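*Asks:* sequence? don't have it. structure:
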């Protein structure tokens, strides 16, 4: 990714969709430096069990219910989630 960015600096990369072989922190950092958004398949071999995430990688509450996606916050470049209805009380 770094080589592509250096050699083809005029090429504007907005999105990167990569397979699980690219699931490494250095790749995420490089794509972020390029100002692009990325979708990289999760590589189970690189990670231990993810605490705080449900089966499909949604955030979960302390009672292990999945939070729901709400919106994207462009100011902070983060995703917003709402609490599960099971945890309202």
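*Replies:* Nice, I can see it. Predicted model only: the values in this text are computed from it and were never measured.
*Asks:* next, residue 31: secondary structure please.
*Replies:* helix (DSSP: H, G, I helix; E, B strand; the rest coil).
*Asks:* where does the protein dip in pLDDT?
*Replies:* 1, 5, 11, 43-44, 46-58, 89 (pLDDT under 70).
*Asks:* ok, now with 90
*Replies:* Along the chain, segments meeting pLDDT under 90 span 1-70, 73-74, 76-89.
*Asks:* ok, which stretches of it are strands?
*Replies:* Assigned by DSSP state E, the chain shows strands spanning 15-18, 37-40, 68-73, 78-82.
*Asks:* make CSV from the ones you listed and add mean neighbour count and distance to residue 27 to it.
*Replies:* For every residue, glycine as well, the C-beta is placed using N, CA and C. Below are the strands of the chain laid out as CSV (neighbours: other CB atoms under 10 Å; distance: least, CB to CB, whole Å):
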stretch, mean neighbour count, distance to residue 27
strand 15-18, 13, 7
strand 37-40, 14, 7
strand 68-73, 11, 22
strand 78-82, 12, 20
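*Asks:* tabulate those strands (JSON lines), appending distance to residue 2.
*Replies:* Listed next are the strands of the chain as JSON lines, based on distance: least, CB to CB, whole Å:
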{"stretch": "strand 15-18", "distance to residue 2": "13"}
{"stretch": "strand 37-40", "distance to residue 2": "14"}
{"stretch": "strand 68-73", "distance to residue 2": "27"}
{"stretch": "strand 78-82", "distance to residue 2": "25"}
